[in-house]
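Novice: Have a look at this prediction, sequence included:
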Amino acid sequence: GELWDKSLFDLVEEALRGLLKDFKPEDYHYFGLWKNDLFAACFWQESWVPDLVKKLGLKSDGIYAINLKGGHYLVSKSEIENIHNQISDKINKKDESFFKKMVEVADNEFTLAVKIGEDLKDAEPNIKNFKLFVDAAKRVNLLWQLGADRFVIIAEKKLKEVVVKENFPTEYVMEIIPKVQTPLYYRYKELVKLKKEIGNKSFSQIIKDKILIKKMQDQVEKYPWIEIFNFNGDRLTIEKLYEQVKHIENVEESTKDFPEENISTELKFRARCMYYCGYIKQAGAEYFSIFSEKVMPFLKNIAKKIDIDYTEFRSLSISEIEQALQGKISKKDLKSRAKRRMGYNDWILIGDKEGKTIFVEEPLDIKFLVGKMIPVADKSQTEIKGVVGNSGKYSGICKVILNTEDFHKMETGDVIVTTMTTPDFVILMQKSGAIVTDIGGILSHASIVSREINKPCIIGTRFATQILKDGDLVEVDANEGIVRIIERKK
């Protein structure tokens, strides 16, 4: 901005203000606070990949999402409706081949991304390879994004229509949806087996057991990405693996059986559609973590090349990093921009038609749009209602966990309160007494994992992360779907 003529800057700012005034809260669906650095957030706004959308058999011309002040995420209702109508039409026409094709396309993309990530580990940190990384990241992120805030919502709605119409017992709904078999699904089965072999052995005893330590090392090498998310976090270690295994409870798989002859063909079909959509969402999140772990060495080398540390790197946009690699932005300017954003995340990303993104940092513009677009919860309420992810009841101290930087707060038996859990949350979920999320459906990560580890879970509270604070004593009644505040931390 310093290089611009003042009158030109004023004209641009005036045009931007006019654009921001056109935004209306009622035109967007608020998905909650996904606490992100700018670099990671860019992939949610800029992940428009036309050829991938076409391969999926969909029609769309943009992301149409807004990321406010460090991760408040909103999506245009008209674009959500556009995708919902297409998915709904395929379900109504019983076009199962469409859903199978989507899963096939997604799996091919995930496989390719893993290969690219592997190739980039030791690649030259130049603009060509950085663009290769960006393209691969956008493709995986788009699948995750479509699954999370487009596909599963309409698939669940269509499933519920038949459940209600046929008066099908709700407690059996999850039993008729095929298990979402992603890397985490198989990992949990392996951990349960490992738990039985470890038993009550201490870590010092395990180290002396050559066979057991080899099995643990194999797990670490197979799943190094488990605590990495959005290009941040640490690789799995044997010590962390032991901590995870220690908190696994011996949970028997559900054996609820509903008579097969009482399940209609239509209900079975819609349950399979729910599975296909849920798979793309869940696998998208997991493969983004797998990809993140593989490319982090490359990204850290990029940071070294442009002479900034990795924390500063994550506070820059994709465009700024590309310009830095081309020598168009100085080290001093990069550090100044990163320092301004670190810890505050005062920026807005607006995803427009065909992947065009508007980046806003002017404080008055941010204040204007935040005040206009982010819903505010009634923080005086003592009961928060949601949907049961897994039944049970538990009372404990809550900890609000919004990203990996908050993980250190979590102690055994605490209640996790978060926007929505992601693969890196698994160890915390195993340590927790209960799980509460702002958003999510019956095939959300929180629902799936809470059922596997048998922890009370309430999803879809909308504002739990705004209402609850670290140290509050709460009762999580996941039989009724209500979080009750017993005592506020003073």
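Specialist: Looks like it came in fine.
Novice: shouldn't V417 be in contact with K399?
Specialist: Yes - judged on C-beta atoms under 8 Å, V417 makes contact with K399 at a distance of 6.7 Å. In short, each C-beta sits where N, CA and C put it, glycine included.
Novice: Neighbour count for these two, which is higher?
Specialist: Each of V417 and K399 has its neighbours counted (other C-beta atoms under 10 Å); V417 has more, 30 against 23.
Novice: my guess is that one is in a strand, correct?
Specialist: Yes - according to DSSP: H, G, I helix; E, B strand; the rest coil, the state of V417 is that of a strand.
Novice: need the helices for the stretch 251-400 of the chain, in chain order.
Specialist: 265-305, 310-313, 318-325, 331-341, 363-373 (DSSP state H, counting those that start in this stretch).
Novice: Output the ones you listed in a markdown table, with mean neighbour count and distance to M216 appended to each entry.
Specialist: Formatted as a markdown table, the helices of the stretch 251-400 of the chain follow (neighbours: other C-beta atoms under 10 Å; distance: least, C-beta to C-beta, whole Å):
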| stretch | mean neighbour count | distance to M216 |
| --- | --- | --- |
| helix 265-305 | 22 | 18 |
| helix 310-313 | 17 | 28 |
| helix 318-325 | 19 | 37 |
| helix 331-341 | 15 | 38 |
| helix 363-373 | 14 | 46 |
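Novice: of these, which approaches G355 most closely?
Specialist: Comparison of the helices of the stretch 251-400 of the chain against G355 by C-beta to C-beta identifies helix 318-325 as nearest, at 11.3 Å.
Novice: what distance separates that closest one from the middle of the whole chain?
Specialist: Between the centre of helix 318-325 and the centre of its host chain there is 25 Å, according to C-alpha atoms, centre = their mean, to the nearest Å.
Novice: hey, C-alpha coordinates of stretch 129-146 in PDB?
Specialist: Provided in PDB are the C-alpha atoms of stretch 129-146 (Å, rounded to 0.1, in the frame of the first residue of the first chain):
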ATOM      1  CA  ASN A 129       7.600 -27.100  -6.700                       C
ATOM      2  CA  PHE A 130       5.800 -24.700  -4.400                       C
ATOM      3  CA  LYS A 131       3.000 -24.400  -7.100                       C
ATOM      4  CA  LEU A 132       2.900 -28.200  -7.400                       C
ATOM      5  CA  PHE A 133       2.400 -28.400  -3.600                       C
ATOM      6  CA  VAL A 134      -0.400 -25.700  -3.700                       C
ATOM      7  CA  ASP A 135      -2.200 -27.500  -6.500                       C
ATOM      8  CA  ALA A 136      -2.200 -30.800  -4.700                       C
ATOM      9  CA  ALA A 137      -3.200 -29.200  -1.300                       C
ATOM     10  CA  LYS A 138      -6.100 -27.400  -3.000                       C
ATOM     11  CA  ARG A 139      -7.400 -30.700  -4.500                       C
ATOM     12  CA  VAL A 140      -7.400 -32.600  -1.200                       C
ATOM     13  CA  ASN A 141      -8.900 -29.600   0.600                       C
ATOM     14  CA  LEU A 142     -11.700 -29.200  -1.900                       C
ATOM     15  CA  LEU A 143     -12.800 -32.800  -1.400                       C
ATOM     16  CA  TRP A 144     -12.700 -32.400   2.400                       C
ATOM     17  CA  GLN A 145     -14.500 -29.100   2.100                       C
ATOM     18  CA  LEU A 146     -17.300 -30.400  -0.100                       C
END
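Novice: need the helix or strand of the protein with the lowest average pLDDT.
Specialist: Across the helices and strands of the chain, mean confidence by mean pLDDT, DSSP states H and E is lowest for helix 6-21: a mean of 52.
Novice: ok, now which ones touch the nearest residue to D37 once chain neighbours are set aside?
Specialist: Nearest non-adjacent residue to D37, counting by C-beta to C-beta, 6 or more residues apart in numbering: R314, 4.0 Å away. Counting by C-beta atoms under 8 Å, 6 or more residues apart in numbering, R314 touches D37, L38, F39, A40, F231, N232.
Novice: Next: Q45.
Specialist: Contacts of Q45 by C-beta under 8 Å, 6+ apart are I63, A65, I66, N67, L349, I350, G351, T357.
Novice: What pLDDT is listed against it?
Specialist: For Q45, the model assigns a pLDDT of 84.
Novice: K214 too?
Specialist: pLDDT, K214: 95.
Novice: how many neighbours does it have?
Specialist: Neighbours of K214 using other C-beta under 10 Å come to 10.
Novice: what residues are up against it?
Specialist: K214 neighbours (C-beta under 8 Å, 6+ apart): none.
Novice: Begin at 22, not 1, for the rest of this chat.
Specialist: Noted, 22 is the first residue going forward, which turns the last one into K235.
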